[in-house]
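A.B. asks: Dropping the sequence and predicted coords here.
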Amino acid sequence: MTSRSLDLWTFRPLDLKTSRPLFYVILILFFFNGPVFAGALDMTRLGIGARALAMGRAQTAARDLASIFINPANASAIDRFGMVSMYSNPQEDLYDTVLGVGFPLKEGAMGTIGVLSISSIVSGIQSTALNNNGRAYPVSSFGYASKLMMVSYGKEINPTISAGASLKLLAKEFDGISGGSANGFDMDLGLIFYPKDNLTLGLSAQNLLPQGWGGLKWGTGLNEEIPINFKMGASYSPRDEIEVLVDYDSISSFHLGAEYRPGKMLAIRGGLESFPNALNFSLGVGLKLGNLAFDYAYYIDPGLYSNSAHYFSLSYDMPYRSLELRPFMPAERPSPAIS
């Protein structure tokens, strides 16, 4: 892949205090440059974990560790410590990494806390200028980094309802550009309903803080609000080895995914996403060895095949027995010393 370039009509070093229009152009290019940057404002929109990517990013009612960070109410389903990670290199200069952990309190009886870290780094972005013949040539290069830290909590309210909340801490930076860094935070809320044993319904409201409270504040003084997104979804298992997930969100996208588990070790997955002007497809597999799981997804973008990408995840669930101390049985107690 060739480095991305921006045509700048100046030879001076970039100073966004005096070049705000240029800064706005850079933001627009990043936030709307195809599916790769679809989650530039809210990084969780890219999906958490390769399992979700393989199933069309339908996660609102997925009830696994990764789904805590899409709908915090899903945390109520986690009753033992676990970890999930994801890595992808969608384009030559773009690297995405995800790491999440879940901490159940008293095996989930007091709820579960989830902590997530996401980073997306782009390097080798070139700024160019025009010479006297109207040809562009490189002037300098810079990088872009976007990071998110999230803390989620969810708990069962009663046997049919669970609720949760998440706090997001966000940071973004255009390396080497004065004023090109931003920090901020936002908040999500979620609910889960269990109308039947094999049916789960989920609702999630993302980025709820009002303008002036949430969003990002850039070094230039620009305040950037993160759009509110409402998600609703369902998980249905007609048989023990089959799960179907469906999501709809208020940013005009429909997500459908299915998983088939022919055995305890293998899972086969596929997904479909419907957008106003395109259909995106995905597929993947999962391999589980004891408490360790490996997941792979291939996200196919028929609108722009260069945006199709491979995603890899590793996850781990601690065995139940490691969470408890086995009490002494009377016969095992040490005999008193004989004086």
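C.D. replies: Now that the structure is in, tell me what you want to look at.

A.B. asks: Tell me the predicted confidence for residue 93.
C.D. replies: We have a pLDDT of 69 for residue 93.

A.B. asks: partners of the one helix or strand residue 311 maps to, with directions?
C.D. replies: Per DSSP states H and E: residue 311 is located in strand 309-317. Taking DSSP bridges as the criterion, strand 309-317 pairs within the sheet with strand 82-91 (antiparallel), strand 292-300 (antiparallel).

A.B. asks: Ok, which of the ones you listed comes nearest residue 155?
C.D. replies: Nearest to residue 155 among these is strand 82-91; the distance by CB to CB comes to 16.8 Å. Using the backbone N, CA and C atoms, a C-beta is placed for each residue, glycine as well.

A.B. asks: May I have that closest one as CSV, with CA atoms only?
C.D. replies: Only the C-alpha atoms of strand 82-91 are listed here, as CSV (Å, rounded to 0.1, in the frame of the first residue of the first chain):
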residue,chain,number,x,y,z
GLY,A,82,-11.5,-14.1,31.4
MET,A,83,-9.4,-12.2,28.7
VAL,A,84,-10.0,-11.4,25.1
SER,A,85,-7.7,-9.9,22.5
MET,A,86,-7.8,-9.0,18.8
TYR,A,87,-5.2,-7.9,16.3
SER,A,88,-5.5,-6.7,12.7
ASN,A,89,-3.4,-5.0,10.1
PRO,A,90,-6.2,-3.9,7.6
GLN,A,91,-3.8,-1.9,5.6
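
A.B. asks: Quickly list what the nearest residue to residue 89 once chain neighbours are set aside is bridged to.
C.D. replies: Of all residues not flanking residue 89 in the chain, residue 95 sits nearest, at 5.7 Å (CB to CB, 6 or more residues apart in numbering). Taking DSSP bridges as the rule, residue 95 bridges to residue 121.

A.B. asks: Show me the shaky parts of the stretch 51-200 of the chain.
C.D. replies: 90-93, 124-129, 134, 137-142, 176 (pLDDT under 70).

A.B. asks: Would you map the helices across this protein?
C.D. replies: For the chain, helices defined by DSSP state H occupy the ranges 20-31, 50-54.

A.B. asks: These: lowest mean pLDDT?
C.D. replies: helix 20-31 - the lowest mean pLDDT of these, at a mean of 43.

A.B. asks: Would you mind finding the longest strand in this protein?
C.D. replies: strand 136-158 (DSSP state E).

A.B. asks: now the strands for the stretch 201-339 of the chain?
C.D. replies: 215-218, 223-224, 229-239, 242-249, 253-260, 266-275, 278-289, 292-300, 309-317 (DSSP state E, counting those that start in this stretch).

A.B. asks: for the stretch 51-200 of the chain, same thing?
C.D. replies: Using DSSP E, counting those that start in this stretch, strands in the stretch 51-200 of the chain cover 82-91, 94-104, 112-130, 136-158, 161-174, 181-196, 199-206.
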